[in-house]
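Asks: Sharing a model prediction with you, sequence too.
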Amino acid sequence: MAGFDSASLRGDFPILDRVVRNGNRLVYLDNGATSQKPRSVVDAEREFYFHHNAAVHRGAHLLAEEATDAFEGARTKVASHVNAKSEEIIFTKSATEALNMVAYGFLNATLDKSGVGSPFHIDKSKNIVVSELEHHANLLPWQQLAARTGAQLRWFPVDPEGRLDLTNIESIIDAQTAVVALTHQSNVTGAITDVPLISNRARQVGAIFVLDACQSVPHMKVDVQALNIDFLAYSGHKALGPTGVGVLWGRYELLEQMPPMLTGGSMIESATITSATFASPPKRFEAGVPNMAQAVGLGAAIDYLNNVGMGAIAEHESELTSRALAGLGAISGLTIIGPTNNHARGGVLSFTVEGIHPHDLGQVLDDKGIAVRTGHHCAWPLMQALKVNATTRASFYLYNTEDEVDQLVAAVIDAKRFFKV
Amino acid sequence: MAGFDSASLRGDFPILDRVVRNGNRLVYLDNGATSQKPRSVVDAEREFYFHHNAAVHRGAHLLAEEATDAFEGARTKVASHVNAKSEEIIFTKSATEALNMVAYGFLNATLDKSGVGSPFHIDKSKNIVVSELEHHANLLPWQQLAARTGAQLRWFPVDPEGRLDLTNIESIIDAQTAVVALTHQSNVTGAITDVPLISNRARQVGAIFVLDACQSVPHMKVDVQALNIDFLAYSGHKALGPTGVGVLWGRYELLEQMPPMLTGGSMIESATITSATFASPPKRFEAGVPNMAQAVGLGAAIDYLNNVGMGAIAEHESELTSRALAGLGAISGLTIIGPTNNHARGGVLSFTVEGIHPHDLGQVLDDKGIAVRTGHHCAWPLMQALKVNATTRASFYLYNTEDEVDQLVAAVIDAKRFFKV
Amino acid sequence: MSLESLYQEIILDHYKNPHHKELHAPYAIEVHHNNPSCGDEVTLRLSLNGDSIGQVSWSGVGCSISQASTSIMSDLVTGKTMSEALELERIFLELMQSKGNFSGDVEVLEDAVALSGVAKYPARVKCALLGWMAFRDAALRAGSS
Amino acid sequence: MSLESLYQEIILDHYKNPHHKELHAPYAIEVHHNNPSCGDEVTLRLSLNGDSIGQVSWSGVGCSISQASTSIMSDLVTGKTMSEALELERIFLELMQSKGNFSGDVEVLEDAVALSGVAKYPARVKCALLGWMAFRDAALRAGSS
Ligand SMILES: Cc1ncc(COP(=O)(O)O)c(C=O)c1O
Ligand SMILES: Cc1ncc(COP(=O)(O)O)c(C=O)c1O
């Protein structure tokens, strides 16, 4: 057993008591899409709004001071959670924005004369490395960048288990590679990438390494120093935090050289009608009145996660995953899409059932109160590579229980009966 | 008197009971920076999180359905509030993001081959028109666009009252003008722009008209059809809504032709490893899991505003402004920066006091519990044009009272005594 | 609402043995539609017979609802005049957007009334409409060419 | 904390009659610093006298805190050795970052202890530091050139 009792902390999540279809209590297994929120997170936002709400970094009054303290305090929590410095943390609206921000850092450095000689300057002699298993959020921004700069887009293929095939790493990441952007844990197969292996290669050739940590930071201890990476992005809403807040971490030396994507208030050093100079990071990347309450809420989420313990959470999810792999794996006609053993994988589990389209399976599960995701999971190229049209995905979190896994397995068996397959 | 009693609705805003420095009850006059939140807005977010939270447009389960209904319901409210169609409303994180999104629409259409012939395609034969009184959020994105495309940046100057000087409108907006981007109400002087006059000229020459409505939508009835404009941006947090949500409205025919700024999940029509096609608006512009709870909160804010009545709010603020103009105007050594009469102006009031730097004045007011803003208000070029280094700004909202205006006036007089000027 | 009434026997039958699911040639118009939120897709071919719908044939992947709905639609529109077919599409769309508040006229919609339960599940409405939207697109293009 | 203890007489005196506030020539180094959140700015010139601070002169616009602090700083560092002056800057910075938890050693900081109240107002700390940061920048550049 993990170091905590998931059943006892469920009381912190009011939505888990919801009665959904047919009087069934909610079994929420769609954590890969978004997580539920503990009371402490929503209370932290409420406390911010009803006691300290003001525009940060601007006002000359007490509330503005308190709001700034709350916002910057959240930054410190977010930073230490991934072993980074505060001034390296940028609050974005989402991981999607964070990843686009880095891609636009390259585009803007390339378009602006000041960008020549910067590590963000690229052109058609350079290449960009992604993989076939990327979420669209870590693929499309790089496709766009490649199309707009003439740089070549390259990718790691996947093996039949949905893991990165690193056979040709030396030729894929070469001296002309400007940036390598990969996912830490696949949101479809749960496969965990061997980051240090690849980031070392990136380091060798002087490429910038960007990690999409959407499915890892919420579920395990992540240390940006140990991973030897340059940028990391994740979304607060998948980590018990509010919607509308994401995180971009970047090494300070790189942030200092990166042009902003968004321009506007609070990110300048000086401005005239015709030109402006920009503030130092992180301010440079936080134009406008920021998502203050959401940052504060994310800080509370991180407190919650740390109280439970990232190690204990990972262990708990691993136990659930083992149980699900065994239970689902025993169903005839069911194929796990992704690693079938519980090594180097997280608590995201995709599968197909012969004769039942994922939509129909999802409908039967929903009828029993079990919430899963069906479809291509915003990873269409991976679907194409694995030659499946869609999958059903169950994804676990700290509040899920063994009993819920068993309900999932039983429901899939029922669905087969219902559709007579 | 306006059609409502501001004293009686103060109970809906818990923060207004806060005791700040020296046992003083908060007098919040920094609404131009951000507004306070009624209980109904924070409750709407809580209700979303604890009953319906799920990723919208994706899941095949009941919560996903409910979350989608809540999110799309908010879009409908936001749309009808400015007399637009639902599918013309894009949820952003802020006005800053919304304005950048349009500027990047131009940049991307210009960089992408597909952009030739689109109204968003520009080059050095074109020009971009802004004004000297713009907030940095509606200036810097256009500066960047001009620098990156070679288009010429032009601007309307301001007169000594801080109003746009439209004398040369015919030569400033000419046949080569691609876009005109102006503020509806100055966040420094409160001056209201004569939008139809200028948008008609833009229409004549075929230029796109972008309105920064940050200081108008929260305070008066705004009708995008009557204003005859193409894009409008504002921030939820200034309109009783949550932080982390903004709105971009655009005419559908234009949105259909505009390339996205952010790419990622939920905004595609199809995707392969090398290329993607994009969904129709508004989805095209909402990559990733959106700020769902914040959109829902903004919907509740709009309900609140409509219950009070936009006309009544404008009238109430106008009464407060008249009182403040009279009270402050009578103080010797005090100069109103902006229109001194209450015609075509909103409830934002900047001033300087001879011999007292705004920071010091702000400090004295803060000591008495009065929250104002001091500095350049993210409108540095306007400060340069008006030849002031900084101002003190009081900005009113529906919950402010005449008594609070009187406290402000008395406190300024006290400050003069304190600093012996 | 029970699963059984969503997945009526008639739907599962069409799903297992879809009608007209084999692309035919010659044809006047071919269209390809997909549902970006789930990846389901349909390719549909249409030939005209004067002012009437001649042959409808299709291929694609999708859930039971989308497959059955496309199969039923193909049966229904074949042989109808263009305007009758488009009117049918309008009525079916209305049924799907009804949120489950009415059940459809079996005289008009025939087998398609079996899909009325879908209207209660907004996420599935797009599945039921995939084939119909492809047909509508094809018919309008055929009509204007 | 009262306004009176923030705005001590000594601060208001320096504000009204700032010392060294007139740019002098010749000079070794000139720096320009601003505070982007409020627009206050200072131009500071420094000349050395061997290893000691020769002359500090400045101009600028700003609030009473920034003006008084720059005035007091100019008095304090003039004639000190480079390392004494930088040590003073370090001690003053520490006082400003103390959140008001200590009041500063009058033996060391002299008039500058009158600014200790500023540490209780985070938004004003930047005002008090503007001139000091400009001095530190100038001194380090002068030292390294
Ligand atoms: C006129 C005006 N435009 C734009 C903005 C930017 O809004 P935000 O910082 O919420 O993006 C503001 C407020 O700061 C404003 O007052
Ligand atoms: C691996 C991965 N990357 C990126 C994203 C995008 O995150 P968001 O939609 O919160 O921006 C997601 C989640 O949707 C994800 O699972």
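Replies: Cool, got the structure. Ligands and ions are numbered 1, 2, ... in the order given.
Asks: going forward, measure contacts between C-alpha atoms and count neighbours the same way
Replies: Will do.
Asks: Does the closest residue to residue C:35 other than its chain neighbours lie in a helix or a strand, and which?
Replies: Nearest residue to residue C:35, sequence neighbours excluded (Cα to Cα, 6 or more residues apart in numbering or on different chains): residue C:41, at 6.3 Å. Using DSSP states H and E, residue C:41 sits in strand C:40-49.
Asks: Now that strand: buried residues?
Replies: Using 16 or more other Cα atoms under 10 Å in any protein chain shown as the test for burial, strand C:40-49 gives C:40-48.
Asks: What residues does chain A have near ligand 2?
Replies: Within reach of ligand 2 by Cα under 6 Å from any ligand atom, chain A has these residues: A:33, A:94-96, A:135, A:137, A:183, A:186-187, A:212, A:214-215, A:235.
Asks: let's go with 8 Å and repeat that
Replies: Residues of chain A lying close to ligand 2 by Cα under 8 Å from any ligand atom are A:32-34, A:93-98, A:134-138, A:183-188, A:212-215, A:234-238, A:246, A:377-378.
Asks: just the helices in chain C please.
Replies: With helices called from DSSP state H, chain C shows them at C:3-6, C:9-16, C:64-77, C:82-96, C:106-109, C:122-144.
Asks: so which of these is the most packed in?
Replies: Compared across the helices of chain C, helix C:64-77 shows the largest average neighbour count, a mean of 26 (mean count of other Cα atoms under 10 Å in any protein chain shown).
Asks: For that one, give the mean pLDDT please.
Replies: Regarding helix C:64-77, the rounded mean pLDDT is 96.
Asks: Give me the distance from stretch A:334-349 to the chain's centre.
Replies: Here stretch A:334-349 is found 18 Å from its chain centre; the criterion is Cα atoms, centre = their mean, to the nearest Å.
Asks: Now do that stretch, average pLDDT.
Replies: Averaged over stretch A:334-349, pLDDT sits at 97.
Asks: Please report the distance of the residue of chain C found nearest ligand 1 from chain A.
Replies: Here the residue of chain C nearest ligand 1 is residue C:37; by Cα to the nearest ligand atom that distance is 30.3 Å. Using Cα to the nearest Cα, to the nearest Å, residue C:37 is found at 7 Å from chain A.
Asks: List the residues that contact residue 52.
Replies: By default, I'm working from chain A. Going by Cα atoms under 8 Å, 6 or more residues apart in numbering or on different chains, residue A:52 touches A:63-64, A:66-67, B:15.
Asks: that's the wrong chain, I meant chain C
Replies: By Cα under 8 Å, 6+ apart, residue C:52 lies in contact with C:79-82.
Asks: Closest to residue B:172 out of those residues?
Replies: Of all the contacts of residue C:52, residue C:82 has the smallest distance to residue B:172: 53.8 Å, by Cα to Cα.
Asks: The closest one touches residue C:51, doesn't it?
Replies: Yes: counting by Cα atoms under 8 Å, residue C:82 touches residue C:51, with 6.1 Å between them.
Asks: if you go through the stretch 251-400 of chain A in chain order, where are the helices?
Replies: For the stretch 251-400 of chain A, the helices defined by DSSP state H, counting those that start in this stretch occupy A:252-257, A:292-308, A:310-329, A:358-367, A:380-386.
Asks: coming back round to it: now the closest residue to the residue of chain C closest to ligand 1 other than its chain neighbours: which helix or strand?
Replies: Nearest residue to residue C:37, sequence neighbours excluded (Cα to Cα, 6+ apart): residue B:58, at 6.5 Å. Under DSSP H and E, no helix or strand contains residue B:58.
Asks: confidence score at residue B:58?
Replies: pLDDT for residue B:58: 73.
Asks: Kindly report the same for the one 5 residues further on.
Replies: Residue B:63 carries a pLDDT score of 97 in this model.
Asks: quick one: it from residue A:79, how far?
Replies: Going from residue B:63 to residue A:79 by Cα to Cα, to the nearest Å gives 32 Å.
Asks: So between the two, which is more surrounded?
Replies: residue B:63 (24 against 21; other Cα atoms under 10 Å in any protein chain shown).
Asks: Quick one: classify that one as helix, strand or coil.
Replies: Here residue B:63 takes the helix state, with states given by DSSP: H, G, I helix; E, B strand; the rest coil.
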